[in-house]
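Engineer: Below: sequence and its predicted model.
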Amino acid sequence: MAETITATDRFHRDSRVIFFSGAGISAESGISTFRDPEGHWSKYDPMKLASQAGFLEDPDLVLNWYADRRRAINQAQPNAAHRSISDFQKLFRDSVVITQNVDGLHERAGNRNILELHGNIHRHKCNSCGKNFESPDIEMRTLNHCECGGKIRPDVVWFGESLPLQTLQNAFEAAQNCDLMFTIGTSTQIYPAAQLPFEAKSRGAFVIEINPEPTPFSAQADISVRDDAGSALPKFYEEFYAQIK
Ligand code: APR
């Protein structure tokens, strides 16, 4: 990829680097994205399954859907893209992973400094008091209640709900102060997360987009690669490693 030669000589081991990811980074692990033709939302109505109203209307349907997704995720493995981020994080001392994904694959790949903007499907919380229930092995297919009487649900951000405030603030702070951002496998449509690449670019960062399809951010990217994350990210790593090690 000749185009990265100009990029790599701007950076050094102390450059501040962000890896911003969406569902596409987990596609090669066999986990469906949301808006691709075969994505989650093509089969289900998101408002039924990923909203307060949907949960309160039919909690067991929603809990079963999440339990099925958790089971598929537990059978999946992090892919070359997730593993490549761990390599990058050894090269760049100051780096952050900001993910919209709830699958926990970044953590399983050994990535560090992970900000989960939309929560984590392996965690549960009380729908009323917010108490966390860290018991990932619970199938949680039927409704359980917290001691406060609230319903226990997956600790993920549903449509219409606000993102975890401190995590969001940390993500924007990182995006506004980074030197390099990789935006990987996101359709860049769901705000406020989708604002992050624009934020980084507006503050002078060099932004590399990796996505087989164009997105609303593609025109602004310094480099926009039409490729799979599992193939493009390791190639970028080799380029940067050759320049910076
Ligand atoms: N490598 C890189 N990108 C890929 C790959 C791949 N192998 N396969 C698909 N993609 C791209 C698609 O082209 C698409 O642009 O991944 C993107 C997935 O987009 P979405 O399905 O919209 O997922 P995402 O951008 O993460 O959605 C954001 O929306 O529904 C909510 O909470 C949900 O976190 C999610 C948010």
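Structural biologist: Noted; the coordinates are in hand.

Engineer: Domain parsing of the chain, as residue ranges.
Structural biologist: What automatic domain parsing lists as the domains of the chain is 1-30+78-118+163-245, 32-75+121-156.

Engineer: Quick check: which of those domains is buried the most?
Structural biologist: The highest average neighbour count among the domains of the chain, using mean count of other C-beta atoms under 10 Å, belongs to domain 1-30+78-118+163-245 at a mean of 19. To be clear about C-beta, it is placed using only N, CA and C from the backbone, and glycine gets the same treatment.

Engineer: dump the residue contacts of whatever residue of the chain ends up closest to the ligand.
Structural biologist: Per C-beta to the nearest ligand atom, the residue of the chain with the smallest distance to the ligand is Gly24, at 2.3 Å. Counting by C-beta atoms under 8 Å, 6 or more residues apart in numbering, Gly24 touches 33, 184-187, 211-212, 229.

Engineer: Check those residues and tell me the two furthest apart.
Structural biologist: Pairwise distances across those (C-beta to C-beta) peak at 13.5 Å, for the pair Ser187 and Ala229.

Engineer: And for the residue positioned nearest the centre of the chain, nearest residue in space, chain neighbours not counted?
Structural biologist: For the chain, Thr99 is the residue whose C-alpha lies nearest the centre (C-alpha atoms, centre = their mean; 2.5 Å). Leaving aside its chain neighbours, Thr99 sits nearest to Ser21 (4.6 Å; criterion: C-beta to C-beta, 6 or more residues apart in numbering).

Engineer: For the one you found, grab phi and psi.
Structural biologist: In terms of degrees, to the nearest 10, the main-chain angles of Ser21 are phi -130, psi 150.

Engineer: Report the separation between it and His122.
Structural biologist: In this view, Ser21 and His122 are 17 Å apart by C-beta to C-beta, to the nearest Å.

Engineer: So which residues on this structure come close to the ligand?
Structural biologist: Neighbours of the ligand within the chain, by C-beta under 6 Å from any ligand atom: 22-24, 27-28, 33-36, 39, 100, 118, 185-187, 189-190, 210-213, 215, 228-229.

Engineer: what residues are up against Gly218?
Structural biologist: One thing to correct before we go on: residue 218 is Ser, not Gly. Contact analysis of Ser218 by C-beta under 8 Å, 6+ apart lists 209, 211, 224.

Engineer: try 6 Å this time
Structural biologist: Counting by C-beta atoms under 6 Å, 6 or more residues apart in numbering, Ser218 touches 209, 224.

Engineer: circling back to that earlier point, shouldn't the residue nearest to Thr99 be in contact with Phe182?
Structural biologist: No. At 8.3 Å, Ser21 and Phe182 do not qualify as touching, with contact defined as C-beta atoms under 6 Å.
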